[in-house]
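K.L.:
No sequence on hand, only this structure:
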């Protein structure tokens, strides 16, 4: 299995792209978030996000409602179907990662963890994300 198969045009052979799954992650992790929150968090185009959210709504995986705090804003949340879909994607990703790491020693896994920490620190240097 090629190492980066999970990042093909469709994430883990699902119907969703990597960007779409990242948006699902934000919706799942930030209950009743707004489109502006996602745009700010992911630095993506508002029109692009709008098209993705419409697709999610048509797929029945998210719902929108008028924000109680700001009637000009819509809160976005996952439906039960959306939560099931997202959890399945997480399980599939975890299984893929397990397969990549299952033959490594604890020491080798530690080296990977240290490398990821180094990459994260260097990439994040000076960023306010």
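P.N.:
Yes, it's here. Just so it is clear, the structure is predicted and the values come from calculations on it, not from any experiment.
K.L.:
Okay, now the unreliable bits of the chain?
P.N.:
Scanning the chain with the threshold set as pLDDT under 70 gives 1-12, 126-129.
K.L.:
Can you check which helix is longest in it?
P.N.:
As assigned by DSSP state H, the longest helix anywhere in the chain is helix 80-101.
K.L.:
And that one, what's buried?
P.N.:
82-83, 85-86, 89 (16 or more other C-beta atoms under 10 Å). The way it works is simple: take the backbone N, C-alpha and C, and place the C-beta from them, glycine included.
K.L.:
Throw the residues you listed into CSV and include distance to residue 53, thanks.
P.N.:
Shown next, in CSV, are the buried residues of helix 80-101 (distance: C-beta to C-beta, whole Å):
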residue, distance to residue 53
82, 12
83, 16
85, 15
86, 15
89, 17
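K.L.:
Nearest to residue 26, out of the residues you listed: which one, please.
P.N.:
Residue 26 lies nearest to residue 86 out of these, by C-beta to C-beta, at 10.7 Å.
K.L.:
Residue 105 versus the closest one, what's the distance?
P.N.:
Between residue 86 and residue 105 the computed distance is 32 Å (C-beta to C-beta, to the nearest Å).
K.L.:
Report the next helix or strand after the longest helix of the chain in sequence order.
P.N.:
The helix or strand immediately downstream of helix 80-101 is helix 106-124, counting by DSSP states H and E.
K.L.:
tilt between that following helix and helix 80-101?
P.N.:
120 degrees (axes from the mean of the first three to the mean of the last three C-alpha atoms, to 10 degrees).
K.L.:
Show me the residue sitting in the middle of this structure in space.
P.N.:
residue 22 (2.2 Å; C-alpha atoms, centre = their mean).
K.L.:
ok, residue 49 - contacts?
P.N.:
23, 35, 38-39, 42 (C-beta atoms under 8 Å, 6 or more residues apart in numbering).
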